[in-house]
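Q: Predicted structure and sequence below. I'll ask about it afterward.
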Amino acid sequence: MQVQLTEVVAKLDALGAANHNVRLLQTACGVGPRLAEAVVTMFDDPRRFRRGASVCAYIGMVPKQWDSGETERLGKITRHGNRLVRSLLVEVAWCALRHNPWAREALRTKRF
């Protein structure tokens with residue numbers, strides 16, 4: 001089992017090293033090889049999104065909405081889209097909050 005896992009990781013590393021977009025994403029703080037590969041795979045052509053909000057909606061990181069004439073209520077995130085990419089992004093955000101003083105301060109003062 002360990003031998004198979006090692007072979008898969010080596011193959012993923014080789015494929016990631018050959019892809020310019022994967023290497024470029026890995027230069028961002030907190031982005032490792034598996035997150036970069038998942039994002040590049042999911043967003044093969046990022047030009048199809050006009051705004052960042054469209055990307056958020058595509059991966060399900062926007063709140064559910066209930067509208068009834070005068071009342072608008074927002075709920076939990078929709079969770080539509082790729083679960084792996086969404087969970088990896090959430091994990092990176094938690095790591096940033098734990099280990100990055102700027103991220104903690106930005107969240108505390110809501111400067112982002």
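A: Here it is on my side, so go on. Keep in mind that this is a model prediction, so the values were computed, not measured.
Q: quick one, what contacts the residue most central in space within the chain?
A: The residue lying closest to the centre of the chain (C-alpha atoms, centre = their mean) is L89, at 3.3 Å. Counting by C-beta atoms under 8 Å, 6 or more residues apart in numbering, L89 touches 35, 59, 61. To be clear about C-beta, it is placed using only N, CA and C from the backbone, and glycine gets the same treatment.
Q: Give me the three-state assignment for C56.
A: Reducing the assignment to helix, strand or coil with DSSP: H, G, I helix; E, B strand; the rest coil, the entry for C56 is helix.
Q: Quick check: the residue lying closest to it once chain neighbours are set aside vs L84, distance?
A: The spatial neighbour of C56 that comes closest, neighbours along the chain excluded (C-beta to C-beta, 6 or more residues apart in numbering), is V62 at 5.3 Å. The gap separating V62 from L84 is 18 Å, by C-beta to C-beta, to the nearest Å.
Q: again, but for G30
A: Distance from G30 to L84, counting by C-beta to C-beta: 17 Å.
Q: ok, and what's touching stretch 34-44?
A: By C-beta under 8 Å, 6+ apart, the list of residues contacting stretch 34-44 reads 12, 15-16, 19, 21-23, 25-26, 49, 55, 59, 82, 84-85, 88-89, 92.
Q: Sorry, wrong one. I was asking about stretch 18-27.
A: Counting by C-beta under 8 Å, 6+ apart, residues outside stretch 18-27 touching it are 15-17, 31-33, 35-37, 39-40.
Q: again, but for stretch 77-85
A: Among residues not part of stretch 77-85, those counted as contacts by C-beta under 8 Å, 6+ apart are 38-39, 42, 57-64, 86.
Q: can you give me the offset of that stretch from its chain's centre?
A: With C-alpha atoms, centre = their mean, to the nearest Å as the basis, stretch 77-85 stands 10 Å off its chain's centre.
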